[in-house]
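K.L.:
no sequence on this one, just coordinates:
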Ligand SMILES: Nc1ncnc2c1ncn2[C@@H]1O[C@H](COP(=O)(O)OP(=O)(O)OP(=O)(O)O)[C@@H](O)[C@H]1O
């Protein structure tokens, strides 16, 4: 278990001898105007595992995702993807690297004017020269895996929020990414749909493997899907450990946050 330590020094991971970690953040700082958002973030994601990132609102979790996918450049520090500092490689190389990511944004980020099928095959048409028949087979496979084979012809506005998320997930997986990120996959879903989506996350991880990062406020989601848990507070990762160890942590802040207690070191500031 690692508590209050730079994660990159302490979490070798089960495949540590295999090479560089898929995702590593070293001493990253980021400010917007006078506001210091990331304040020396260190995080070393365990490969081929599901890591859930928890932390209070406004503490920099989405900003962290944007750094990991190369949408934001750190003021200081390094973001390493498969050992490469993404800001020390060329733009075309960064573009190539991004294809190894699948990202599920909060609302699924589907194109409203395209049906579910066209949304899911969009990355294939954009980034590959696959034949239409192979595209169709692959997209229908993915849609079936997420339980949407009957909804391929529907527009996003014609399906439920949970179905939109599953469609976003199918699209995030379509290029067979090594890394998949979920920004609050459960937002706006009722507990049953959240639980069903979590089942799909676990099944897809089991089937396709990869390093998954899930950002959520939902402790039921964290308990269900996490192999590892990272806790972020005031722009730093203050805890990273196996999920059981996090839920049994004796650190006052981690305990308070994971238990959702009002009493403890975490206040409203
Ligand atoms: N592009 C930006 N310009 C200015 N401020 C920003 C920008 N992006 C994020 N912020 C600020 O950074 C802080 C952290 O935002 P972020 O969205 O990462 O929080 P979060 O931990 O994901 O919160 P939540 O759990 O509520 O989604 C917020 O105060 C936000 O307003």
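P.N.:
Now that the structure is in, tell me what you want to look at. For clarity, every value in this text was computed on a predicted model and none was experimentally measured. Numbers count the residues shown, from 1 in each chain.

K.L.:
from now on I want contacts and neighbour counts done on CA atoms only, so please keep to that.
P.N.:
Will do.

K.L.:
now residue 164: how far from residue 111?
P.N.:
Using C-alpha to C-alpha, to the nearest Å, residue 164 is found at 11 Å from residue 111.

K.L.:
after the worst-scoring helix or strand of the chain on mean pLDDT comes which helix or strand?
P.N.:
Within the chain, confidence by mean pLDDT, DSSP states H and E is lowest for helix 7-10 among all helices and strands, at a mean of 35. Downstream of helix 7-10, the first helix or strand assigned by DSSP states H and E is strand 23-32.

K.L.:
which residues in the stretch 151-269 of the chain form helices?
P.N.:
Remark: helices assigned in the stretch 151-269 of the chain by DSSP state H, counting those that start in this stretch are 161-173, 191-208, 219-225, 243-247, 252-259.

K.L.:
leaving out sequence neighbours, find the closest residue to residue 113.
P.N.:
Leaving aside its chain neighbours, residue 113 sits nearest to residue 155 (6.9 Å; criterion: C-alpha to C-alpha, 6 or more residues apart in numbering).

K.L.:
pretty sure that neighbour sits against residue 112.
P.N.:
Yes: contact criterion C-alpha atoms under 8 Å: residue 155 and residue 112 qualify, at 6.7 Å.

K.L.:
got the residues of the stretch 1-150 of the chain near the ligand?
P.N.:
Within the stretch 1-150 of the chain, the positions near the ligand by C-alpha under 6 Å from any ligand atom are 32, 37, 56-63.

K.L.:
and those residues as TSV, adding pLDDT?
P.N.:
Listed next are those as TSV, based on pLDDT from 0 to 100:
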residue	pLDDT
32	95
37	95
56	86
57	85
58	85
59	86
60	88
61	89
62	88
63	92
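
K.L.:
mind checking which of these are buried?
P.N.:
Buried members of these, counted by 16 or more other C-alpha atoms under 10 Å: 37, 56, 59-61, 63.

K.L.:
which of these lies closest to residue 240?
P.N.:
When those are ranked by distance to residue 240 (C-alpha to C-alpha), residue 61 comes first, at 14.3 Å.

K.L.:
okay, residue 155 and residue 112: which has more neighbours?
P.N.:
Between residue 155 and residue 112, counted using other C-alpha atoms under 10 Å, the more crowded position is residue 155 (19 against 12).
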